[in-house]
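# The sequence and its predicted three-dimensional model are supplied below.
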Amino acid sequence: MEALDPRLLLLAPEDNIAVAREPLDAGSEIAVGGGRVVLAAAIPRGHKIAVRAIAAGEKIVKYGAPIGVATRPIAAGAHAHLHNIRSDYTPTHGVGGMGVGGTQP
């Protein structure tokens, strides 16, 4: 199995996401999930990236602990952020017109 790209930081062995150590350009090739993928979109430094395919409804694990849930499938090497993760800890503001706690403002 190919090692994780050195431009990514895996915070715990059981994590399904890693953190970009530096900005990664769209079109860059990186090693994740035992293979290589080409990034469809740029990943800013400090943002999360899936190290393997994550199914919709699956927990997002960072620091060895669940931090949220995938709201749709996330491919290996894809940006994992507000557009495809619902936090277990903080409300998501401004998504779909919903306010705190998923209620209409």
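Cool, got the structure.
# in the sheet, who's paired with the residue nearest the centre of the chain?
Nearest residue to the geometric centre of the chain (C-alpha atoms, centre = their mean): residue 80, 2.4 Å. Judged by DSSP bridges, the bridge partners of residue 80 are residue 48.
# Kindly list the longest strand within the protein.
strand 65-70 (DSSP state E).
# Show the average pLDDT along that one.
Averaged across strand 65-70, the pLDDT comes to 94.
# got it, and stretch 38-57?
Mean pLDDT, stretch 38-57: 95.
# which outside residues touch that stretch?
Identification of contacts with stretch 38-57 by C-beta atoms under 8 Å, 6 or more residues apart in numbering yields 4, 8, 10, 15-30, 32-33, 60, 62, 69-81, 85. Glycine gets a C-beta too; all of them are placed from N, C-alpha and C.
# try 6 Å
16-18, 20, 22-26, 28-29, 32-33, 70, 72-76, 78-80 (C-beta atoms under 6 Å, 6 or more residues apart in numbering).
# Over to stretch 15-30?
With C-beta under 6 Å, 6+ apart as the test, stretch 15-30 has contacts from 5, 7-10, 36, 38-39, 41-45, 47-52, 54, 60-62, 80.
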